[in-house]
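Asks: Model the following, please.
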Amino acid sequence: MPIRADARSKGIHVKLDRETHANFKARLAHHGLSMQEAFEEFARLVGAGNKTANNMMEALVARHVRQELAEVGVEPIRRNRRQHLRDLDADTLYDLINEGSGG
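Replies: Sure, this is the predicted structure:
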């Protein structure tokens with residue numbers, strides 16, 4: 001689907017470093033796509049609430065937070081969800097169950 005500028009279109013300017021630009025453009029050329037088409041499709045997916053596109057944004061936000069923490073000397077704890085469950089000892093688990101049952 002060709003992209004055309006008209007009164008309903010909005011323009012943006014994106015700065016990419018040279019290596020990112022070259023790699024992105026080469027990848028798109030391999031598939032016969034333009035940068036315009038790729039950026040517009042990504043924007044459409046984000047706007048439509050596409051899970052994959054939104055997961056990409058959430059990963060970017062997480063990376064920004066990690067970078068900001070690193071800048072002030074804070075190293076985030078890296079745990080996966082399974083570790084959280086394994087870290088619960090028997091007494092803590094018992095307390096949590098009793099809290100939930102009103103006892």
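Asks: what residue ranges in this protein are flagged as low confidence?
Replies: Scanning the chain for pLDDT under 70 picks out 1-6, 76-91, 93, 100-103.
Asks: try it again with 90
Replies: Across the chain, the ranges flagged by pLDDT under 90 are 1-12, 65-103.
Asks: Please identify the buried residues of the helix ranked longest in it?
Replies: If you go by DSSP state H, the chain has its longest helix at helix 51-71. Buried residues in helix 51-71, counted by 16 or more other Cβ atoms under 10 Å: Ala53. Every residue, glycine included, has its C-beta placed from N, CA and C.
Asks: what packs against that helix?
Replies: Helix 51-71 sits against helix 35-47, with contacts defined as 3 or more Cβ pairs under 8 Å, 6 or more residues apart in numbering; DSSP states H and E.
Asks: on contacts alone, who are the packing partners of the helix it packs on?
Replies: Helix 35-47 packs on helix 18-30, helix 51-71, going by 3+ Cβ pairs under 8 Å, 6+ apart.
Asks: contacts for the longest helix of the chain?
Replies: With Cβ atoms under 8 Å, 6 or more residues apart in numbering as the test, helix 51-71 has contacts from Phe42, Leu45, Val46, Glu75, Pro76.
Asks: Done for today, thanks.
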